[in-house]
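>>> Show me the folded form of this:
(chains A and B)
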There are 2 protein chains.
Amino acid sequence: MSSKRLIYLPLGGAGEIGMNAYVYGYGAPDKERLILVDLGVTFPDMDGSPGVDLILPDITWLKERADRLEAIFITHAHEDHVGAVAHFYRDLGAPVYARAFTANIARGKMAEFGHSDKAVRTVSAWPEQVEAGPFKVSFLPISHSIPESAGLVIDSPEGRVIHSGDFKLDRNPMVGEAFDPDLWAEAAKPGVRALICDSTNVFSLAPGRSESELGAPIEELVSKASGMVVATTFASNVARVKTLAEAGERAGRSIVLLGRAMRRMVEAAIETGVLRSFPKVVSSEEALNIPRENLMLLVTGSQGERRAASAQLARGKYRGLTLAEGDMFLFSSKTIPGNERGVIRIMNQLSEKGVDVVDDSTGRYHVSGHANRPDLLRMHEIVQPQMVIPMHGEHRHLREHAGLAKANGFASIVAVNGMMLDLSGNAPKVVGFVDTGRTYLDGSVKIGALDGVVRDRIRMALNGHVVVSVVLDEDDVPIDGAWVDAMGLAAKGTSNAPLADVLEEDLGQFLARAARKTLIDDTKLEEGLRRVVRQSAQNEIGKKPEVTVIVSRMG
Amino acid sequence: MSSKRLIYLPLGGAGEIGMNAYVYGYGAPDKERLILVDLGVTFPDMDGSPGVDLILPDITWLKERADRLEAIFITHAHEDHVGAVAHFYRDLGAPVYARAFTANIARGKMAEFGHSDKAVRTVSAWPEQVEAGPFKVSFLPISHSIPESAGLVIDSPEGRVIHSGDFKLDRNPMVGEAFDPDLWAEAAKPGVRALICDSTNVFSLAPGRSESELGAPIEELVSKASGMVVATTFASNVARVKTLAEAGERAGRSIVLLGRAMRRMVEAAIETGVLRSFPKVVSSEEALNIPRENLMLLVTGSQGERRAASAQLARGKYRGLTLAEGDMFLFSSKTIPGNERGVIRIMNQLSEKGVDVVDDSTGRYHVSGHANRPDLLRMHEIVQPQMVIPMHGEHRHLREHAGLAKANGFASIVAVNGMMLDLSGNAPKVVGFVDTGRTYLDGSVKIGALDGVVRDRIRMALNGHVVVSVVLDEDDVPIDGAWVDAMGLAAKGTSNAPLADVLEEDLGQFLARAARKTLIDDTKLEEGLRRVVRQSAQNEIGKKPEVTVIVSRMG
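Modelled structure (predicted):
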């Protein structure tokens, strides 16, 4: 037995916030039976991944070992935890386990890919256990910003590991289970080898605040509003959506849910019994006949997403509804770093319409879903693990969290994506590194982040693209010089003649002077033409464009 | 005289934070003699302006009226106020006035374009006045985050206008003049028609803090550090650079200035007498021979700029200097919205090196250079203008500021770029709209933001680019089908054959079936080929690329 080991291997989510995917394994080295915790996505941006539709973790390592994968466990229904499940379901072929609300959302995703409802199995909370090879796994309820979030109690022959999932210590989360320290202490009682722990808010020094603190200020705000009220938050934050809706209802307003995700999440919460009461909702068509001061719209797009309801309302209209002077727009949300430009764009568009924007700057209308530093310390204390392995964070979060744990006497390590740890000893031990990375869903195709496709797009965006076409006759003599088409480049430069003309002129001279050994050799010819274009463009407009050369030979 | 008027026309900076350019005029309508206050730039980003080097205001309106322009006044040396002066100097042909430090920086920019030192004239502070047509203009010192910032007292036959410039109410700014309420009250005493006022921090509710509060905490931080200390801030914040350097010196460290702007700004401040003492500085070469615990580097790149010293140190090395475990990196700066990704990238790279990062989250190591809401109110009160015109802000800032002014009994209006106001009456009156916008410096060429060049780049980045080349013989019969080159697109799609082969196959079929009237008509042929590519790519990879068709006719 001594040759068997318990391993932990993050394939996503450790060293970034997004696309979580954590592997646990038990067995002889390279023969471990595996389980996967979470399988999420992250979102592209123009800076690094223009044109990409969705970013998935590169789980090649796991796909090649799919025969050793016993099961997939999803801690909660946020996209960065469940978003890639359907994309990889066929590659992995393992059953997916989740609690009812999460399972409902996951099944919706599976259905989009034509996978059966049975692909996802609903599990009850602790103490129910799922057997998965050498593991027994139980879902331990904990509060977060989505219903039915759970930590996982993972039992192996090497003892118990607790994977926290995303969490906060909310004793009154309004929807879903409260954080129950006794329950967590009970789960920890037999002794915990390792706590794999959320690190998102390790830099937030004050204790986290409860969702229940928001109802009164939001109600006060809404009751004072004179025009239409619009509020946006993450649709998956069902408690917040409920708080907002109830505030609206108490202020005598009819509630409208706008945006696909907003309706889907409330539906799922009702279907699974997570949400037992919710104010009556009217459709956007009905809303058109209700005075604006009696309306409250709850809308998607709190992060400034261009196609979401918020952005559409800010630009003009959404399902016939428009904003007007004197309306109020509430961001009951925090802007995720990187999304500031999109959110500010909306705020300014709203300002132009005379709409009053209220955001979270006062701290009255939003609370975070993650444990702050004092909450993390409390969690360490309750669980009393042998080691704390920080996860769900950028490198700086993991490092800070590991430092904190060590300062309190727990063994710890910064384990980033691809780093395989052996948890069998008294302290985590690095036993290997595997290739990880990002897979882009691009249109209908999956491509590797390093395939060069996106790099070429970025180059065209930065440098423009010149296309050169040359036709050579049977004797390899150029016919009519070169044709040039320039895209994404200034029409004219220093000489004040059209850029394409200048390039064609210079290319023509090059071709006229070119030696026969250049003309007969595609590679040499292309290199020469490319060099001429780049030099000529540099002189003319001060840029060296990307160049594509197409040589057609009539021979 | 009654037909003459005093006008205000923002061409940049009103409705955005960046590229300030404010026109004032006095005279008969459309015959006003003009002055320009500030002529700044703003910076491109991958989202909206990929590949662009710099963004300048579109001042076509002013260029067409350059014969009526008397002078250009620069309030301070920040890039968003002075950055475009040299780019447009030839177009405008008016003298540029500034105080000594600002003039020094402006002359450096002029020199890069081969303009004479005499293009910029140095002016002393209030009460010295510059006559400029019907205007008399005086520079009224005020505190900001750069030395010798000034408001402008603009006298016209219609009375006095005060243009605040960027400002804060700092009684102890460490470098440069303190805010002097008596001086401002004196300037306002004869009565002020309009206060044109900075709006940047209108949403910051607490009174602004003084630069002088930072010395002690920074010194404490640096004295506790055990490895090398690196600190970044805006190079133009000479007071901060001095505070940082002095803290380092007191902690027994040698100071190194890294980054061109950092050295340039300190030089300019010393040359112009603004900075009378500064710790001894050692070169990066000398630093290599000094133990790291005795070094403090002051570096550019607080906003995460990829080519600046901060980013280079975070990635690897800069001028031979490298960071190591146990070093400390201080961001004595705030991240400007939109720059978060770049800054966070650096923080994580530093974390990977084991460098401890300290940022502004505690508020101890940075103060803003702009007046907060209570400070704006105080400025209104001191100046007691007939009207307050908010400037230097996004729409939401201008609107909030105007609301604040109105609530306190001042006439006000939200005047955005291109909106011409007549200030001659009791309240601002909109008398026209002129076209404004953005001019891109792209390589060595200026292009209009709406010329389509950047739009094409963005399209290529989002959709990829397919180039099709077709050669037709003398009888307009295609030779050898079509050649395809795809850039920024997945190599293979659903059929698992190379994308280019699939496209060539489909294009070949189209050409074989094409009617003669299509083949003889370039436009029809191109349209047809483009349609085939887009449809075929949509089927194959789920994307519709940009398409360039080059038709070569041997006829």
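>>> CA only for contacts and neighbour counts going forward, please
Fine.
>>> quick one, helices of the stretch 51-200 of chain A?
In the stretch 51-200 of chain A, the helices defined using DSSP state H, counting those that start in this stretch lie at A:60-63, A:79-82, A:85-92, A:100-112, A:181-188.
>>> got the ones you listed as TSV, with mean pLDDT columns?
Shown next, in TSV, are the helices of the stretch 51-200 of chain A (pLDDT from 0 to 100):
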stretch	mean pLDDT
helix A:60-63	98
helix A:79-82	98
helix A:85-92	97
helix A:100-112	97
helix A:181-188	98
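>>> between those, which gets nearest to residue B:61?
Across the helices of the stretch 51-200 of chain A, residue B:61 has its closest neighbour in helix A:79-82 (49.2 Å, C-alpha to C-alpha).
>>> Can you list the neighbours in contact with that closest one?
The contact list for helix A:79-82 (C-alpha atoms under 8 Å, 6 or more residues apart in numbering or on different chains) reads A:18-21, A:38-42, A:74-76, A:106.
>>> switch the cut-off to 10 Å
A:12-13, A:17-21, A:37-43, A:55-56, A:73-76, A:85, A:98, A:102-103, A:105-106, A:109, A:165-166, A:236 (C-alpha atoms under 10 Å, 6 or more residues apart in numbering or on different chains).
>>> Enumerate every residue touching the closest residue to residue A:173 other than its chain neighbours.
Closest residue in space to residue A:173, ignoring its immediate chain neighbours: residue A:211 at 5.2 Å, by C-alpha to C-alpha, 6 or more residues apart in numbering or on different chains. By C-alpha under 10 Å, 6+ apart, the contact set of residue A:211 is A:143-145, A:170-175, A:239-240, A:243, A:365-369.
>>> So among those, which ones count as buried?
A:143-145, A:170-175, A:239-240, A:243, A:365-369 (16 or more other C-alpha atoms under 10 Å in any protein chain shown).
>>> who in the stretch 51-200 of chain A is up against chain B?
Proximity of the stretch 51-200 of chain A to chain B, by C-alpha under 10 Å from any C-alpha of the partner chain, involves residues A:51, A:52, A:53.
>>> Show me which of the residues you listed are buried.
A:51, A:52, A:53.
>>> Pull the number of nearby residues for the closest residue to the second one other than its chain neighbours.
Distances taken as C-alpha to C-alpha, 6+ apart place residue A:442 nearest to residue A:52, at 4.8 Å, with adjacent residues excluded. Using other C-alpha atoms under 10 Å in any protein chain shown, residue A:442 has 25 neighbouring residues.
>>> Model confidence for residue A:442, exactly?
According to the prediction, residue A:442 has pLDDT 98.
>>> Show me the beta-bridge partners of it.
Under DSSP bridges, the beta-bridge partners of residue A:442 are residue A:445.
>>> Just to check, it is in contact with residue B:492?
No. Counting by C-alpha atoms under 10 Å, residue B:492 is not a contact partner of residue A:442; they are 11.5 Å apart.
>>> Please list the residues of the stretch 251-400 of chain A that sit near chain B.
A:336-342, A:344-345, A:347-352, A:354-357, A:361-362, A:394-400.
>>> are any of those buried, and which?
A:338-342, A:344-345, A:347-352, A:354-357, A:394-400.
>>> and the most centrally placed residue in chain A, how far is that from residue A:49?
For chain A, the residue sitting closest to the mean C-alpha position, by C-alpha atoms, centre = their mean, is residue A:42 at 2.4 Å. To residue A:49, residue A:42 is 11 Å away according to C-alpha to C-alpha, to the nearest Å.
>>> The nearest residue to residue A:201 once chain neighbours are set aside: neighbouring residues, count only.
Excluding the flanking residues, the one nearest residue A:201 by C-alpha to C-alpha, 6+ apart is residue A:372, at 4.8 Å. If you count neighbours by other C-alpha under 10 Å, residue A:372 ends up with 25.
>>> ok, now residue A:206?
11.
>>> what angle do the one helix or strand residue A:347 maps to and helix B:340-352 make?
For residue A:347, the host element (DSSP states H and E) is helix A:340-352. For helix A:340-352 against helix B:340-352, the angle by axes from the mean of the first three to the mean of the last three C-alpha atoms, to 10 degrees is 150 degrees.
>>> Name every strand pairing with the next helix or strand after helix A:340-352 and say which way it goes.
Going down the chain from helix A:340-352, the next helix or strand is strand A:356-358, by DSSP H and E. Strand A:356-358 has its sheet partners listed here by DSSP bridges as strand A:328-331 (parallel).
>>> Quick one: residues in contact with the strand it pairs with.
A:218, A:221-222, A:225-234, A:244, A:296-299, A:301-303, A:310, A:314, A:323, A:343, A:347, A:350-351, A:354-361, A:365-366.
>>> one more time with 7 Å
A:225, A:227-233, A:302, A:355-360 (C-alpha atoms under 7 Å, 6 or more residues apart in numbering or on different chains).
>>> now do stretch A:36-55
Outside stretch A:36-55, the residues that reach it (C-alpha under 7 Å, 6+ apart) are A:18-24, A:56-57, A:71-75, A:79-85, A:438-443, A:454, B:46-47, B:461-463.
>>> 6 Å instead?
Stretch A:36-55 is touched from outside by A:18-23, A:56, A:72-74, A:79-85, A:439-442, B:46-47, B:461-463, with contacts defined as C-alpha atoms under 6 Å, 6 or more residues apart in numbering or on different chains.
>>> in it, what's buried?
A:36-42, A:44-46, A:49-55.
>>> returning to that earlier point: what is the residue nearest to the centre of chain A paired to in the beta sheet?
In beta-bridge terms (that is, DSSP bridges), residue A:42 pairs with residue A:55.
>>> List the buried residues for stretch A:421-428?
For stretch A:421-428, using 16+ other C-alpha under 10 Å, the buried residues are A:421, A:422, A:423, A:424, A:427, A:428.
>>> contacting residues around it?
Looking at stretch A:421-428 with C-alpha under 6 Å, 6+ apart, the contacting residues turn out to be A:5, A:6, A:7, A:8, A:411, A:429, A:430, A:431.
>>> end to end, how far does it reach?
For stretch A:421-428, the end-to-end distance is 6 Å (C-alpha to C-alpha).
>>> Output the contacting helices and strands for the strand or helix carrying residue A:439.
Under the criterion of DSSP H and E, residue A:439 resides in strand A:438-442. Secondary-structure packing of strand A:438-442 (3 or more C-alpha pairs under 6 Å, 6 or more residues apart in numbering or on different chains; DSSP states H and E): strand A:54-57, strand A:445-448.
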